[in-house]
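Participant: Got a sequence here, can you model it:
(chains A and B)
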Amino acid sequence: NAGVMQNPRHLVRRRGQEARLRCSPMKGHSHVYWYRQLPEEGLKFMVYLQKENIIDESGMPKERFSAEFPKEGPSILRIQQVVRGDSAAYFCASSPPRGGLDEQFFGPGTRLTVL
Amino acid sequence: AQSVAQPEDQVNVAEGNPLTVKCTYSVSGNPYLFWYVQYPNRGLQFLLKYITGDNLVKGSYGFEAEFNKSQTSFHLKKPSALVSDSALYFCAVRPTTDSWGKLQFGAGTQVVVTP
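Facilitator: Here you go, the predicted model:
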């Protein structure tokens, strides 16, 4: 059973470009979470999704950031018009349908660098 | 408001000695508590969790943690540390009164085990 997959592992963008980060949850997992880890900091929750639904987006910046988890395919975290402050490691996690009772399984992360 | 505190930025221990990584929390209601470990340039790996029941929880790689409700603590312990335990450790809490997805992480504690 493959773990949580994220791609790309490293992404370099210039200011103003768009960044698309992909996450494929573990097989059988229907809950996806995105977290951001800034340098020298812990992980900060961004958004929690189930298939075709955003359950909790309280950690998402109000502008430029969006997330989706379509019926088919991976979850996408999209950052429009990136700025240098967006440089961070973005981690995706997934959990089984029980949600909060189960631990979240994390992917290896996407390290975004904005030049 | 809920919060998680890891009071030590770094813990240094000699190989073979006991290891303790501290975590305290503040949440409404009963918490679900988790410990994760992060190796350089990797995602987080789950170690153990407390949901309910026995206050002493045993997890992966010989780690255990004790839930203390009166002190609102969930310290991670290992009786005999290995050099390979050197990594970044995160405590996380999911309040039962909050959405089922959001994990709130502490800032992390760097563990350094010397030979």
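
Participant: confidence score at residue 98?
Facilitator: Picking chain A for this. pLDDT for residue A:98: 69.

Participant: To clarify, I was referring to chain B.
Facilitator: 58.

Participant: which residue packs closest to the closest residue to chain A within chain B, ignoring adjacent ones?
Facilitator: Distances between chain B and chain A by Cβ to the nearest Cβ are smallest at residue B:101, namely 3.1 Å. Glycine gets a C-beta too; all of them are placed from N, C-alpha and C. What sits nearest to residue B:101 in space, not counting adjacent residues and going by Cβ to Cβ, 6 or more residues apart in numbering or on different chains, is residue A:48, at 3.1 Å.

Participant: Make sure residue A:15 is actually in contact with residue A:86.
Facilitator: No: counting by Cβ atoms under 8 Å, residue A:15 stays clear of residue A:86, with 9.2 Å between them.

Participant: These two: which is more packed in?
Facilitator: residue A:86 (20 against 11; other Cβ atoms under 10 Å in any protein chain shown).

Participant: Distance check, the closest residue to residue A:108 other than its chain neighbours against residue A:43.
Facilitator: Nearest non-adjacent residue to residue A:108, counting by Cβ to Cβ, 6+ apart: residue B:43, 4.6 Å away. Going from residue B:43 to residue A:43 by Cβ to Cβ, to the nearest Å gives 10 Å.

Participant: Likewise for residue B:5?
Facilitator: From residue B:5 over to residue A:43 the distance is 15 Å, taken as Cβ to Cβ.

Participant: can you tell me which residues contact the residue in chain A positioned nearest to chain B?
Facilitator: Ranked by Cβ to the nearest Cβ, the top residue of chain A for proximity to chain B is residue A:48, at 3.1 Å. Counting by Cβ atoms under 8 Å, 6 or more residues apart in numbering or on different chains, residue A:48 touches A:31-33, A:54-57, B:99-102.

Participant: do that again at 10 Å, thanks
Facilitator: Listed by Cβ atoms under 10 Å, 6 or more residues apart in numbering or on different chains, the contact set of residue A:48 reads A:31-34, A:54-59, A:67, A:69, A:93, A:95, A:99-100, A:104, B:99-103.

Participant: Tell me the bridge partners for it.
Facilitator: Beta-bridge partners recorded for residue A:48 (DSSP bridges): residue A:33, residue A:56.

Participant: neighbours of residue A:19, just the number please.
Facilitator: The burial count assigned to residue A:19 is 22, neighbours taken as other Cβ under 10 Å.

Participant: No further questions, thank you.
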